[in-house]
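Engineer: No letters, just coordinates:
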């Protein structure tokens, strides 16, 4: 971002132009920066040390607009000591401009840079034979043949090889034509996806404050947007955006972008951090991957430590291999990388691994699961799951994730269920795409929707297992408790274990209701279940009810009634509970139980009293009316108050 930029006065750039990021690659002193300057008119070296020493140390940037295509050039250092800086710029490129000096041909960093581009999944490029003015036509022809042989079998096998000279200008016009042709074939980054911008620079600009730059790899960003800074998770506001030195209303995926941030000091932001859509993603230290070693690398053993590069981030990773103790050169393996620093990653993101010491590039790969769990020996299904993530379509991936979420692991703490926010964080997909996928899977009965907000699914097989367990638990409860009408809902849920979420439990109950179970308030019982009393239990139940019925309002103690029964105390208590549930008996206080007929007769007396004597009644008169002592009168009056038959007014009651 130039110091003269005016973020306050946007020169609006339309989105009709295609934006393509071109990254240079090649050995030191092969003329990468000079070629970029010759193409764009801007020398990409920006550091005083670079200009003093005459070599590129860090990333440089320049821009070119040709026939409706906006090229953003990322110039990378060619020295082996600065490969980490090269990697910070290489991750976002669409087209590689492989620069090989015609007077030196292929050199070590030519090979390493080219290996890195292959590992990062770059698919298109051009070869520029620089300094072609320094050699004759015959030697140039031999160099061209050598380069073509080196590139055979790679993604650059059919790439144009163009001799150029930044000094004389020879070949530059042809190179620009080829750049336009290759750019037309390049698949652009998706501006419709959630916003992500890996940060490669952070600095302060007078009058603006903190500015960060990077290649916008997905989505868009504009002034006034809220963004989230990873891995900190800090929410920030965008004051303005630029691309190519021009202010924009919005920057879109594929553009080199400068973002002016409010509310943070530039010293708190560094290369390797990422700006992203707020509330969508999570940073993590464990990622499951497909790792591939270069043929030139040594064997890689389980638990090897290596330098890890992805986007603009560099950190240390411990490599945990799945199902094997080592990987041979040129081979690939499923592996979990345990990162020293948290990173925001998504499936499909590419990475590079470099040997811990000496530091050379040994391989790379692709992220499969950015929020991986800790590896467990008993987790035999992980490899199959990762292969589905690697090669499956959306439906297959969601079904596998739902099934994975229902697998009971010994150390698992998360409840069963896969939510839309979880899927966004683990896939980067849009909410609409997730909803459409879930609807299709639900229609095919591969998943079960157990909640709408947020949309939550479980694997159909797991849901059916939960349902079957509910039915079995209810059946067992009835068998063990024949005198109880049903199992309390919460007791049933707890019996299923912590891995069954409340949403899954509720959905299973709703599915089973009226088919195999019945819901009565907080009780769950088998559909059509009735309490079947043994003859002695029926007689005991009748005795209990009769004892309270004959007592009127001067009821006996519960213990006295139950003690006279011929059955054991536990069954007697359950018979009492049945009478209470049937409302044949009514508990007024923990110690006092009355027959419903006695209470009904008391209400009738109060109604008659109100008609003949008035609505107010004192405690002594109430005692006389009911024919009871104060022991029963006060609890009965309090009960009548609760039932809104009476209302206390000082020392009296008002009959309602």
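Structural biologist: That came in fine, so what should we check first? The structure presented is a predicted model; accordingly, all values stated were derived computationally and were not measured.

Engineer: tally of neighbours for residue 641?
Structural biologist: The number of residues packed near residue 641 is 15, by other C-beta atoms under 10 Å. To be clear about C-beta, it is placed using only N, CA and C from the backbone, and glycine gets the same treatment.

Engineer: what's it in contact with, if anything?
Structural biologist: Residues counted as contacts of residue 641 (C-beta atoms under 8 Å, 6 or more residues apart in numbering) are 647, 648, 653.

Engineer: Return the member of those residues nearest to residue 541.
Structural biologist: Minimum distance to residue 541 across the contacts of residue 641 is 34.4 Å, recorded for residue 653 (C-beta to C-beta).

Engineer: Not counting its neighbours along the chain, what's nearest that closest one?
Structural biologist: Take residue 653 and drop its neighbours on the chain: the residue closest to it by C-beta to C-beta, 6 or more residues apart in numbering is residue 646, 4.2 Å away.

Engineer: if we look at stretch 491-510, which residues are touching it?
Structural biologist: By C-beta under 8 Å, 6+ apart, stretch 491-510 touches 406, 408, 412-413, 415-417, 448-451, 456, 458, 463, 466-467, 469-470, 473-474, 477, 489, 517, 519, 524.

Engineer: Just the strands from the stretch 151-300 of the chain, written as ranges.
Structural biologist: 161-163, 196-198, 201-205, 209-215, 220-222, 226-230, 234-243, 246-248, 250-252, 256-262, 274-276, 284-293, 300-301 (DSSP state E, counting those that start in this stretch).

Engineer: Including mean pLDDT and mean neighbour count, could these go into a markdown table?
Structural biologist: Shown next, in a markdown table, are the strands of the stretch 151-300 of the chain (pLDDT from 0 to 100; neighbours: other C-beta atoms under 10 Å):
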| stretch | mean pLDDT | mean neighbour count |
| --- | --- | --- |
| strand 161-163 | 96 | 20 |
| strand 196-198 | 97 | 27 |
| strand 201-205 | 92 | 16 |
| strand 209-215 | 94 | 23 |
| strand 220-222 | 96 | 20 |
| strand 226-230 | 97 | 19 |
| strand 234-243 | 95 | 20 |
| strand 246-248 | 92 | 21 |
| strand 250-252 | 95 | 24 |
| strand 256-262 | 95 | 23 |
| strand 274-276 | 97 | 25 |
| strand 284-293 | 97 | 22 |
| strand 300-301 | 96 | 17 |
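
Engineer: is it possible to export the ones you listed to JSON lines including distance to residue 149?
Structural biologist: As requested, those are exported to JSON lines (distance: least, C-beta to C-beta, whole Å):
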{"stretch": "strand 161-163", "distance to residue 149": "11"}
{"stretch": "strand 196-198", "distance to residue 149": "35"}
{"stretch": "strand 201-205", "distance to residue 149": "38"}
{"stretch": "strand 209-215", "distance to residue 149": "32"}
{"stretch": "strand 220-222", "distance to residue 149": "43"}
{"stretch": "strand 226-230", "distance to residue 149": "43"}
{"stretch": "strand 234-243", "distance to residue 149": "39"}
{"stretch": "strand 246-248", "distance to residue 149": "43"}
{"stretch": "strand 250-252", "distance to residue 149": "40"}
{"stretch": "strand 256-262", "distance to residue 149": "34"}
{"stretch": "strand 274-276", "distance to residue 149": "40"}
{"stretch": "strand 284-293", "distance to residue 149": "23"}
{"stretch": "strand 300-301", "distance to residue 149": "29"}
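
Engineer: Which of the contacts of stretch 491-510 fall in strands?
Structural biologist: Among the contacts of stretch 491-510, the members found in strands (DSSP state E) are 448, 449, 450, 451, 456, 458, 517, 519, 524.

Engineer: Of the residues you listed - the most surrounded one?
Structural biologist: Neighbour max across the ones in strands among the contacts of stretch 491-510 (other C-beta under 10 Å) = residue 458, 29 neighbours.

Engineer: Verify the stated contact: it with residue 406.
Structural biologist: Yes: counting by C-beta atoms under 8 Å, residue 458 touches residue 406, with 5.9 Å between them.

Engineer: neighbouring contacts of stretch 387-406?
Structural biologist: Identification of contacts with stretch 387-406 by C-beta under 8 Å, 6+ apart yields 288, 290, 334, 347, 366, 368-369, 381, 385, 414, 416-418, 423, 426-427, 429, 433-434, 437-438, 440-441, 446-447, 457-459, 461-462, 499.

Engineer: Of the residues you listed, keep whichever come out buried.
Structural biologist: Among the contacts of stretch 387-406, the ones that count as buried by 16 or more other C-beta atoms under 10 Å are 288, 290, 334, 347, 366, 368-369, 385, 416-418, 423, 426-427, 429, 433-434, 437-438, 441, 446-447, 457-459, 462, 499.

Engineer: returning to what we had before: nearest to residue 260, out of the ones in strands among the contacts of stretch 491-510: which one, please.
Structural biologist: Distance to residue 260, by C-beta to C-beta, is smallest for residue 456 among the ones in strands among the contacts of stretch 491-510, at 38.5 Å.

Engineer: mind checking how far residue 394 is from residue 443?
Structural biologist: Distance of residue 394 to residue 443, given as C-beta to C-beta, to the nearest Å: 14 Å.
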